[in-house]
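Novice: give me coordinates for this.
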Amino acid sequence: MEHEDGTNPSRIAKEKHMQLSPAMQKVLGEQVTLELEASMVYLQLSIQLDDHDLPGMTRWMRAQSEEEQVHAAKFIQHCQDRGFAPQIGDIAAPKVSGSQPIDYFKAALAHEEKVSESIRNLYRTAQSETDLDVLPLLHWFIDEQVEEESTISEIIGRLELVGDSGSGLLRIDSELGSRHPDIKADNE
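Specialist: Predicted coordinates for the structure are as follows:
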């Protein structure tokens, strides 16, 4: 029911309830930038692996890059649904050190650990701001980060196991290349 001035009291109440606090706006905006940074890191790692003629690992890293863009989109959509348009921050060119596939997967793991810590910080901020509306999204991301770190750690373990074995490396490359990423834009 609208008032004489054309405003809808239930909509105004909903908008006020769903508004993000300045602290939440800050950390969510930073998380969007970090997810896009992660996408660029994975893209750079895919380029490095392509130089090693490892198409499976290259494809795996590119799929990860796309997945990180979907993650950024999830955070952006949550912000927009709550009346906030996040501003993407500066993203520096990824710096990748090392010269072997294992080095690139270790770099990926280090970046995932950085993302995980940022999401935990976001969760702590949501708790201190009593922002219950963001918690389902953050629970999804916490589960996702556990899975990401576990998967990459397993790949690193396998790469350590095969060492300099060309046939072992090619087998891992083939297995990673068969990955069919299940990239979803929703919170399933």
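Novice: low pLDDT regions in the chain?
Specialist: Within the chain, the ranges that satisfy pLDDT under 70 run 1-17, 180-188.
Novice: which residue ranges of it form helices?
Specialist: Using DSSP state H, the helices found in the chain span residues 9-18, 22-50, 55-81, 101-128, 135-162, 166-177.
Novice: for A92, find the nearest of those.
Specialist: Judged by Cβ to Cβ, the one of those that comes nearest to A92 is helix 22-50, at 7.7 Å. All C-beta spots, glycine's among them, are computed from the backbone N, C-alpha and C.
Novice: surely R120 is in contact with I142?
Specialist: Yes: using Cβ atoms under 8 Å as the test, R120 is close enough to I142 to be in contact (7.4 Å).
Novice: any idea how far the residue nearest to Q25 when sequence neighbours are not counted is from S174?
Specialist: Leaving out its chain neighbours, the residue that sits closest to Q25 by Cβ to Cβ, 6 or more residues apart in numbering is F84, at 5.4 Å. When distance is defined by Cβ to Cβ, to the nearest Å, F84 is 44 Å away from S174.
Novice: which one of the two has more residues nearby?
Specialist: F84 (19 against 13; other Cβ atoms under 10 Å).
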